[in-house]
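In: kindly generate the corresponding structure for this input.
(2 chains)
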Amino acid sequence: MTQYAILLDLDKCVGCHSCTVACKIENDVQLGRFWSKVHQIGPSGTFPDVDMYFLPVLCQHCHDPECVRVCPTGASYKREDGIVLVDHDICIGCQYCVLACPYGVRVFNEEEGVIEKCTLCAHLIERGDQPACVKTCIGKARIFGDIDDPESEISQAILAAGGALHTLADVGNGPSVKYILRRSTWRS
Amino acid sequence: MEVSWSLVFYTLFVGMGMGAFGYVAITEWLGTAQRSRLAGSIIALVAMAVGGVSSALHLGHVERVANVLANLSSNISQELILVIAMGVFVVLYIILLQVGASDILRKIIATLGLIAAVGLAFMNGQIYVLQARPAWNTILWPLIYTASAAVLGLFTMYVWTAIRKQEDESVIKGLNTGALVAVGVQAILVIAYVIYLSVAPFPTESRSPMRLLGGDLALIFWLGVVVLGLIIPILLTFRSRTVKPGMSFLTTAAVGLLCTFVGAVAIRAIMYGLGTSIQQFL
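Out: Below you'll find the predicted structure:
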């Protein structure tokens, strides 16, 4: 099996939002909509012991995605390579998947009447390239690859992360995107 | 979360229709309210149609609605099947009434319609039971939607019966008692939900019961849900149980319907207000 995913090293993320911009440019995401966002978590604590980090959030391409389970049309689907996509020719724009997704990463395109989201730049991956957010990251905070392949760079990095490895909230959906955070306390 | 008004009115009108037809089906078994059954069935159809239009306004591609049957494990797909079944049973029942079909045949179709009506009202709420939204992830929501359907349907039929004055007083008193019981059940469910919120997993300020009791949702909760949606209808129907024969029930029925309609809108709006994600940064 293959499960393409992204590992984000938050200790390297400077919150520049270039991943958000690269995503919008590569995928022609219209004004006001985002497939990838960077959240600022904190600051928390009391001076001088304050803490803050940046948390880029995109579709988590879950192992058992709630969006796919609830989609009445089958427009939301998971490919064999683990990428979760939306077929815009089938989607009726009921937005049930938006409610079911824990991460707020699905957006309703009002002009086209369909749901859109991060595709992990599947069109780039298919020609051997990497997602735009990975390529553009100035801190080299992102690693793209197959987390089901133990020899891959991403799997090795996940293994090395140990207790510093985190995921977003998991209600049984199994988010594939992983985060490394050592310098701050995980509060996401 | 922003309130989806088109879905609020979809579930509200569909619920009203289910409650009205549920009442018709029960009168089939009780052998009462013969002169209200056709009206109740037509009210159910009209309410479903209004709800359907409201639902269509929510969709990005209503012309693709047939695609909804592609994933039968989805609650929305199951809901559409129940809507279709409901429509078929109500139309069949109307035809049986018009052709003077046998009691047993009418009872069979009415009972099937009752099952579909309860199922559809329940499914209207079940759709929101999602793990991603802890304040919604409870069976209390489908039960609240089902009780709401009963309340709205009974008060609608109560108004119709009080206006037409074609039925015996026992029929209208039965409606009064039924409405009282349904609102009472709704009150118990609302109290249970507030308790659930206080013990629900993944507590945060955005899902705190204090938002209802004394926070930003307090006005809509106390005035909309509690006073208009529960207390006034309970007081009115309770009072109407003990009045002298021959009294007009129309005031109780009309004010009760208006109040419970507002209460039904309010509880749905509150549901959206509490529907924050399990993911804390959202």
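In: helices of the chain, residue ranges please.
Out: Just so you know, I chose chain A. All helices of chain A, identified by DSSP state H, fall at A:18-27, A:66-70, A:96-100, A:122-125, A:132-136, A:153-161.
In: oops, I was thinking of chain B
Out: Taking DSSP H as the criterion, chain B carries its helices at B:5-30, B:37-58, B:75-99, B:103-126, B:140-164, B:169-199, B:210-213, B:218-219, B:232-241, B:250-274.
In: columns mean pLDDT and mean neighbour count on top of those helices, output as TSV?
Out: (Each C-beta comes from the backbone N, C-alpha and C, glycine too.) TSV is the format used below for the helices of chain B (pLDDT from 0 to 100; neighbours: other Cβ atoms under 10 Å in any protein chain shown):
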stretch	mean pLDDT	mean neighbour count
helix B:5-30	97	24
helix B:37-58	97	19
helix B:75-99	97	18
helix B:103-126	98	20
helix B:140-164	97	25
helix B:169-199	96	19
helix B:210-213	96	17
helix B:218-219	97	12
helix B:232-241	94	19
helix B:250-274	97	22
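In: for chain A, what are the nearby residues on chain B?
Out: Proximity of chain B to chain A, by Cβ under 8 Å from any Cβ of the partner chain, involves residues B:4, B:58-62, B:64-65, B:67-71, B:73-77, B:80, B:127-128, B:130-133, B:275, B:277-282.
In: just the buried residues from those, in PyMOL please.
Out: To isolate the buried ones among the residues of chain B next to chain A in PyMOL, judged by 16 or more other Cβ atoms under 10 Å in any protein chain shown, type:
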select buried, chain B and resi 4+58+59+60+61+62+64+65+67+68+69+71+74+75+76+77+80+127+128+130+131+132+133+275+277+278+279+281+282
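In: picking up where we left off before, could I get the helices of chain A as JSON lines with mean neighbour count?
Out: What follows is these, written out as JSON lines (neighbours: other Cβ atoms under 10 Å in any protein chain shown):
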{"stretch": "helix A:18-27", "mean neighbour count": "18"}
{"stretch": "helix A:66-70", "mean neighbour count": "22"}
{"stretch": "helix A:96-100", "mean neighbour count": "23"}
{"stretch": "helix A:122-125", "mean neighbour count": "15"}
{"stretch": "helix A:132-136", "mean neighbour count": "20"}
{"stretch": "helix A:153-161", "mean neighbour count": "16"}
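In: so B:L236 sits against B:G256, correct?
Out: Yes - using Cβ atoms under 8 Å, B:L236 is in contact with B:G256, at 5.3 Å.
In: pLDDT score for the residue of chain B found nearest chain A?
Out: The minimum distance from chain B to chain A, using Cβ to the nearest Cβ, falls at B:G60 (1.9 Å). At B:G60, the model reports a pLDDT of 96.
In: dihedrals phi and psi, it?
Out: Per-residue torsions, B:G60: phi -80, psi -30 (degrees, to the nearest 10).
In: where's the residue nearest to it when sequence neighbours are not counted relative to B:V62, distance?
Out: Closest residue to B:G60 apart from its sequence neighbours, by Cβ to Cβ, 6 or more residues apart in numbering or on different chains: A:G93 at 1.9 Å. With the distance defined as Cβ to Cβ, to the nearest Å, A:G93 ends up 9 Å from B:V62.
In: now B:G275: how far from A:K24?
Out: To A:K24, B:G275 is 28 Å away according to Cβ to Cβ.
In: an error on my part: the question was meant for B:S77.
Out: 33 Å.
In: can you check A:L159 too?
Out: Distance from A:L159 to A:K24, by Cβ to Cβ: 33 Å.
In: same question, B:T27
Out: 60 Å.
In: same check on A:L124?
Out: For A:L124, the distance to A:K24 - Cβ to Cβ - is 15 Å.
In: please apply the same query to B:S240.
Out: Per Cβ to Cβ, B:S240 is found 61 Å from A:K24.
In: same question, A:T46
Out: Taking Cβ to Cβ as the measure, A:T46 and A:K24 are separated by 37 Å.
In: over to A:I83?
Out: A:I83 is 19 Å from A:K24, by Cβ to Cβ.
In: B:M48 reaches B:M16, doesn't it?
Out: No - between B:M48 and B:M16 there is no contact under Cβ under 8 Å: 9.0 Å.
In: in chain A, what residue comes closest to chain B?
Out: For chain A, Cβ to the nearest Cβ, closest residue to chain B: A:G93, 1.9 Å.
In: I'd guessed that residue sits against B:H61; true?
Out: Yes - with contact defined as Cβ under 8 Å, A:G93 reaches B:H61; the gap is 5.4 Å.
In: between the two, what contacts are shared?
Out: Shared contacts of A:G93 and B:H61 (Cβ atoms under 8 Å, 6 or more residues apart in numbering or on different chains): A:G113, A:V114.
In: was I right to think B:V83 contacts B:L120?
Out: Yes - counting by Cβ under 8 Å, B:L120 is a contact partner of B:V83 at 6.4 Å.
In: so where do the strands sit in chain A?
Out: Applying DSSP state E to chain A gives strands spanning A:4-9, A:36-46, A:49-58, A:76-78, A:84-86, A:107-109, A:114-116, A:142-146, A:165-166, A:178-180.
In: need the winner for burial among the ones you listed.
Out: When the strands of chain A are scored by mean count of other Cβ atoms under 10 Å in any protein chain shown, the highest mean neighbour count falls to strand A:4-9 (a mean of 24).
In: just the angle for that strand relative to strand A:142-146, thanks.
Out: Orientation of strand A:4-9 against strand A:142-146 (axes from the mean of the first three to the mean of the last three Cα atoms, to 10 degrees) gives an angle of 150 degrees.
In: check which helices and strands strand A:4-9 is in contact with.
Out: strand A:142-146, helix A:153-161, strand A:178-180 (3 or more Cβ pairs under 8 Å, 6 or more residues apart in numbering or on different chains; DSSP states H and E).
In: how about those in JSON lines, adding distance to B:I104 and mean pLDDT?
Out: Compiled in JSON lines, the helices and strands packed on strand A:4-9 are given as follows (distance: least, Cβ to Cβ, whole Å; pLDDT from 0 to 100):
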{"stretch": "strand A:142-146", "distance to B:I104": "64", "mean pLDDT": "98"}
{"stretch": "helix A:153-161", "distance to B:I104": "66", "mean pLDDT": "97"}
{"stretch": "strand A:178-180", "distance to B:I104": "63", "mean pLDDT": "98"}
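In: now distance to A:L7 too, for these, in a markdown table please.
Out: Below are those laid out as a markdown table (distance: least, Cβ to Cβ, whole Å):
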| stretch | distance to A:L7 |
| --- | --- |
| strand A:142-146 | 4 |
| helix A:153-161 | 5 |
| strand A:178-180 | 5 |
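In: which residues of chain A lie near chain B?
Out: Residues of chain A lying near chain B (Cβ under 8 Å from any Cβ): A:39, A:41, A:55, A:57, A:66, A:69-75, A:90-96, A:99-104, A:108-110, A:112-114, A:168-169, A:171-173, A:187-188.
In: 6 Å instead, please
Out: A:39, A:70, A:72-74, A:90, A:92-94, A:96, A:99-100, A:102-104, A:113-114, A:168-169, A:171 (Cβ under 6 Å from any Cβ of the partner chain).
In: for ChimeraX, what selects the buried ones among those residues?
Out: Command for ChimeraX, covering only those of the residues of chain A next to chain B found buried under the criterion 16+ other Cβ under 10 Å:
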select /A:70,72,73,74,90,92,93,94,96,99,100,102,103,104,113,114,168,169,171
